[in-house]
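Asker: From the sequence below, what's the structure:
(chains A and B)
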Number of protein chains: 2
Amino acid sequence: MSADKIVLALDGMGGDHAPEVVVNGADIARERYPGTSFLLFGDPARLKPLVDKRKGLAKVLEIVPAEDAVLAEDKPSFALRRRRKSSMWLAVDAVAQGRADTVVSAGNTGALLAISMFAMRMVEGAHRPALASFLPTARGETVMLDLGANLECDAENLAEFAVMGSVFAQVLLGLDKPKVGLLNVGSEELKGHEELRQAAAWLRRNGSPVDCHGFIEGNDIGTGNIDVVVTDGFTGNVALKAIEGTAKLYTQFVRDAFRTSTFAKIGYLFASGAWVKLRKRVDPRRYNGGVFLGLDGVCVKSHGGTDALGFAYAIGVAVDLVRYEYKNKLVEGLGKLHQVISTAEAPTTPALQASGGGE
Amino acid sequence: MSADKIVLALDGMGGDHAPEVVVNGADIARERYPGTSFLLFGDPARLKPLVDKRKGLAKVLEIVPAEDAVLAEDKPSFALRRRRKSSMWLAVDAVAQGRADTVVSAGNTGALLAISMFAMRMVEGAHRPALASFLPTARGETVMLDLGANLECDAENLAEFAVMGSVFAQVLLGLDKPKVGLLNVGSEELKGHEELRQAAAWLRRNGSPVDCHGFIEGNDIGTGNIDVVVTDGFTGNVALKAIEGTAKLYTQFVRDAFRTSTFAKIGYLFASGAWVKLRKRVDPRRYNGGVFLGLDGVCVKSHGGTDALGFAYAIGVAVDLVRYEYKNKLVEGLGKLHQVISTAEAPTTPALQASGGGE
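Answerer: Now for the predicted structure:
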C-alpha cells in the first residue's frame, strides 16, 4: 500500500494555536508522507497567507471555506446542532461524504466525538465508539481505551473495544498478536464488575479475534507487558489523567531535587544529555493523536495545546490507519467477535436434546 | 491528649517479613510514642526470641499466643470463617472487645477488611468502610479514598467517604478545613455518574460537615490543591495503582537516562545528594498505612512488603487516630451529613401546603 491517494481533511480552526499549528503540521506531514493531499477547512482570510508562504504545501492543499468554528467551551450538543458550518463539521462531513479518507482536528474533543458519531455513524459490528491513545511504557508503547467517550460500558462494548484496540495496535505498532488486558482491581474475591467478567469470558473463547490475557491492574499499564489496555471511559479517563499528573509531579520532583545544592546543579549540567534523552522518551507530542475507534471513518483528535510537530504526528496516525486498512481489519475482527458471542449465547445442543426429548 | 494509655494490638504474623518487621517496627514506635503498650499476637516460639532481644520493648509488650495465621493467598471469606484462631483475627478481636484501642496488620488486605467489618461492625452513621491512604503531591500530601474496599458505591456511600476522609485529614494532617473533591471525568456534558452529582449536591448544602470543592479530575490528585480525593473503590484502586506504576516507570526512565553517557554518570555522582532528597520525598514508607475508615474501631493496614520503619509509620497513624479521637469526630461529622441528607430529601413545606390545602 502507498499513501499516494490519501486525502486528509483538516480542521483548520481547531486547537489553542490554530490555524498556525495546523498549517505547519500539515507542512511537516507533507514531507513525511509524499503524495498525500489536504483539504483544509476554515477562514480563507487567515489560512491563505499561511499556506501561501509554504510553496510545497500549497501545491497539495486546497482551502475549503468554513464561516464558523467550534469553540473550546461549546457543549457537544450545541456544536452538533448549531455549528453545521464550522470547520470541524465540514471536515468531518468530507469524510462522511467520501471526499476525504480521514479527518484530523485539534479542537473540542466532545464536539468532535458528537459530530463524528452523527456524520460518520458506527462501523458494522460496533455499538459505541472509544477514544484510544498511546501511553509510554518501560518497553515501548501501550494502547489504552476507552479514555472518555463512554462513561458506562456493558460487556459487549468492552469486548468490542478489545477488538478495536487490538487491530489498532496491529496497524500502528506493527504487532502480529497484541496482548490485550482488561483493567480491573486486584483482590481475587472482589474481582470485577460482572460486565468485565463476561467480556473476558467471550474474549477467551475459541475463535476470539484477540489474544486476551485476562485482567490487569493499574500498575500493569506502565510495564509494557500488555499491548492493549481495555476499560470503560470513566475509569480510563481518570487513570489517564492520574498518569499524566504523576508524570508531571515526578518531573517537578526531579527538577526540585537538582536545585537543592551547588553540587546538584553541577550534576545537572553534566547530565544535560541525559535530560534531553529523558524528555524525548516521554515527549507528549509522541503520544499525540487520540483516535475515535469504531466509527465508519477515521477521526483523529490531536491535543488542543500541541505544536506543529505534535500535529504532524496526529496526521501520521491518520495516514497509517488509512494506509493499512484499519477499517476493513476492524470489521473482520468485530465479525469474529460477534460470532463468538452469538455461539456463547445460543442454547447448547445437549440442553436442547434434554428438553426436547419428550416430543 | 497524651498517648499514655494507648494499647495497640499488632498482628505479629502478617506481612512478607513478619514477624521481624513487626517487632522491629514496634520497637521504633515505642520510642516515638512513650507510654504506648502493645499486645503482640502470634506464635510465641517465633516472637519471644525477637522481643527478648529488645529490653525496652519487652517491658511494654505482651505476647498473646495465636496458633494460626492468615496467609497472603487466603480468600477473605475463607480467612473470616476458618482463621478464627489466627493472629489477625485475635488482634482485630482485641479492639472489638475493648482490650486494645487500635490494630495494625501488614497481612492480607481483603482478609483484614472482612474480619474487621465482621468483628468491629460499622460506626454509627456509616454504611460501608473505605480504604484510605496518603499520596505525595506537589504541596505535601493528599488523602484518597476508597482505594478498593467497595467496587460500587451509591451517593450516600460517597458522601460518607467524603466525611471520613475530611476528618482523617483534619486529624492526621492537622488541617482545619480540608478541601474535598470528588473524582470525575472532564467533559462538561458527560459529567459524572448520577451518584457523583447527588453526593456533590448534598456535600455543598448548608450544614454540610465538609468543605466540598466539587468535581476534580485525575490530574488534580498530584497537584495538592485538594486535600481529600473521594471516589469509588474500583476507580480508586485503578488510579492508585496507575499512579504507583507511573512513579516506578519514571524512576526507571530517570535512571536509564543517567546511564547513557560518561558525562551523565558524572552528573549522577555530583547530584547524589539530590537523589537522596528525591527518594526521601517519594519514600513509599512515608505513605505506608492504609486505613479502613468507617468501622467502629481503628484498623490500620501496613504494606505487606514494608520494612520496620514503614511499619512504625503505620503504627504512628493508628496512634494519632486514637489520640486525636478520630472516631468521635467522625460520628459527629456523619451525624451532620445525615441531617443534611434527610433535610434535602424531606418534602418541602410549600409542597405540603399545596397538596394538603384541600383538607
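Asker: where are the low-confidence patches of chain A?
Answerer: In the predicted model of chain A, residues A:1-4, A:187-192, A:282-289, A:346-359 satisfy pLDDT under 70.
Asker: can you give me the strands for it?
Answerer: A:7-11, A:37-42, A:61-65, A:102-105, A:130-136, A:141-145, A:179-183, A:211-216, A:228-230, A:290-293, A:298-301 (DSSP state E).
Asker: In CSV: those, plus mean neighbour count and distance to residue B:140.
Answerer: (Glycine included, C-beta is placed from N, CA and C.) Formatted as CSV, the strands of chain A follow (neighbours: other Cβ atoms under 10 Å in any protein chain shown; distance: least, Cβ to Cβ, whole Å):
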stretch, mean neighbour count, distance to residue B:140
strand A:7-11, 29, 42
strand A:37-42, 25, 46
strand A:61-65, 18, 51
strand A:102-105, 30, 39
strand A:130-136, 24, 27
strand A:141-145, 25, 30
strand A:179-183, 24, 29
strand A:211-216, 19, 31
strand A:228-230, 31, 31
strand A:290-293, 27, 32
strand A:298-301, 26, 35
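Asker: List just the one of the ones you listed that sits closest to chain B.
Answerer: Distance to chain B, taken as Cβ to the nearest Cβ, is lowest for strand A:179-183 among these, at 5.9 Å.
Asker: Setting aside sequence neighbours, what's the nearest residue to residue A:137?
Answerer: Nearest residue to residue A:137, sequence neighbours excluded (Cβ to Cβ, 6 or more residues apart in numbering or on different chains): residue A:224, at 3.3 Å.
Asker: Would you mind measuring from that neighbour to residue A:184?
Answerer: Between residue A:224 and residue A:184 the distance is 18 Å, computed by Cβ to Cβ, to the nearest Å.
Asker: Give me the more crowded residue out of these two.
Answerer: Neighbours per residue, other Cβ atoms under 10 Å in any protein chain shown: of residue A:224 and residue A:184, the larger number sits with residue A:184, 25 against 17.
Asker: right, and residue A:266 touches residue B:270 too?
Answerer: Yes: using Cβ atoms under 8 Å, residue A:266 is in contact with residue B:270, at 4.8 Å.
Asker: between those two, who's got more neighbours?
Answerer: Between residue A:266 and residue B:270, counted using other Cβ under 10 Å, residue B:270 has the larger neighbour count: 20 against 16.
Asker: Pull the contacting residues for the more buried one.
Answerer: Counting by Cβ atoms under 8 Å, 6 or more residues apart in numbering or on different chains, residue B:270 touches A:263-264, A:266-267, A:270.
Asker: what about the residue nearest to it when sequence neighbours are not counted, neighbour count?
Answerer: Using Cβ to Cβ, 6+ apart and skipping the chain neighbours, the partner closest in space to residue B:270 is residue A:267 (3.2 Å). Residue A:267 has 24 neighbouring residues, counting by other Cβ under 10 Å.
Asker: you'd agree residue A:267 is up against residue B:268?
Answerer: Yes: applying Cβ under 8 Å, one finds residue A:267 in contact with residue B:268, separated by 6.6 Å.
Asker: circling back to that earlier point, out of the strands of chain A, flag the one nearest residue A:281.
Answerer: Smallest distance to residue A:281 across the strands of chain A (Cβ to Cβ): 6.7 Å, for strand A:130-136.
Asker: Return the angle between stretch directions for that closest one and strand A:141-145.
Answerer: 160 degrees (axes from the mean of the first three to the mean of the last three Cα atoms, to 10 degrees).
Asker: What pairs with strand A:130-136, parallel or antiparallel?
Answerer: Its sheet considered, strand A:130-136 pairs with strand A:141-145 (antiparallel), strand A:290-293 (antiparallel) by DSSP bridges.
Asker: Of the ones you listed, which is nearest residue B:243?
Answerer: Nearest to residue B:243, of the strands paired with strand A:130-136 and by Cβ to Cβ, is strand A:141-145 at 14.9 Å.
Asker: I would like the residues contacting that closest one, please.
Answerer: With Cβ under 8 Å, 6+ apart as the criterion, strand A:141-145 contacts A:130-135, A:161, A:164-165, A:168-169, A:172-173, A:178, A:221-222, A:224, A:226-231, A:236, A:239-240, A:287, A:293.
Asker: OK, contacts around residue A:31?
Answerer: Residue A:31 neighbours (Cβ under 8 Å, 6+ apart): residue A:56.
Asker: if you set the cut-off to 10 Å instead, what comes out?
Answerer: Going by Cβ atoms under 10 Å, 6 or more residues apart in numbering or on different chains, residue A:31 touches A:56-57, A:312.
Asker: For the closest residue to residue A:159 other than its chain neighbours, give its distance to residue A:215.
Answerer: Nearest-residue entry for residue A:159: residue A:199, 4.5 Å, with adjacent residues in sequence omitted and distances by Cβ to Cβ, 6+ apart. Distance, residue A:199 to residue A:215, by Cβ to Cβ: 10 Å.
Asker: one step back: OK, contacts around the residue nearest to residue A:159?
Answerer: A:153-162, A:182, A:192-193, A:212, A:230, A:341.
Asker: got the CA positions of stretch A:226-245 in CSV?
Answerer: The C-alpha trace of stretch A:226-245 is given here as CSV (Å, rounded to 0.1, in the frame of the first residue of the first chain):
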residue,chain,number,x,y,z
ILE,A,226,0.3,-5.7,27.8
ASP,A,227,-0.1,-4.0,24.4
VAL,A,228,-3.8,-3.0,24.7
VAL,A,229,-5.5,-1.9,27.9
VAL,A,230,-9.3,-2.0,27.8
THR,A,231,-11.5,-0.2,30.2
ASP,A,232,-14.7,1.9,30.4
GLY,A,233,-14.5,5.6,29.6
PHE,A,234,-14.8,6.8,33.2
THR,A,235,-12.0,4.6,34.6
GLY,A,236,-9.9,5.2,31.6
ASN,A,237,-10.2,8.9,31.7
VAL,A,238,-9.4,9.1,35.4
ALA,A,239,-6.4,6.7,35.0
LEU,A,240,-5.0,8.5,32.0
LYS,A,241,-5.2,11.9,33.8
ALA,A,242,-3.8,10.4,37.0
ILE,A,243,-0.8,9.0,34.9
GLU,A,244,-0.3,12.4,33.3
GLY,A,245,-0.5,14.2,36.6
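Asker: which of the residues in that stretch are buried?
Answerer: By neighbour count on 16 or more other Cβ atoms under 10 Å in any protein chain shown, the buried set for stretch A:226-245 is A:226-245.
Asker: out of those, who's near chain B?
Answerer: Restricting the buried residues of stretch A:226-245 to those near chain B by Cβ under 10 Å from any Cβ of the partner chain leaves A:229, A:231-245.
Asker: what's the closest of the residues you listed to residue B:332?
Answerer: When these are compared for distance to residue B:332 (Cβ to Cβ), residue A:238 wins out at 31.0 Å.
Asker: show me what contacts the closest one?
Answerer: Listed by Cβ under 10 Å, 6+ apart, the contact partners of residue A:238 are A:147-148, A:231, B:183-186, B:216-219, B:221, B:231, B:235-236, B:238-239, B:242.
Asker: re the thing from before, between residue A:266 and residue B:270, which contacts overlap?
Answerer: Residues touching both residue A:266 and residue B:270 (Cβ under 10 Å, 6+ apart) are residue A:258.
Asker: show me what contacts the residue nearest to the spatial centre of chain A?
Answerer: Centroid check for chain A by Cα atoms, centre = their mean gives residue A:291 as the closest residue, at 2.5 Å. Residues in contact with residue A:291, defined by Cβ under 10 Å, 6+ apart, are A:102, A:104, A:129-134, A:143, A:145, A:164, A:168, A:172, A:298-301, A:314, A:317-318, A:321, A:326.
Asker: Likewise for residue A:256?
Answerer: Taking Cβ under 10 Å, 6+ apart, we find residue A:256 in contact with A:264, B:138, B:274, B:277-278, B:281.
Asker: farthest-separated two in these?
Answerer: By the measure Cβ to Cβ, A:264 and B:138 form the most distant pair in the contacts of residue A:256, at 19.0 Å.
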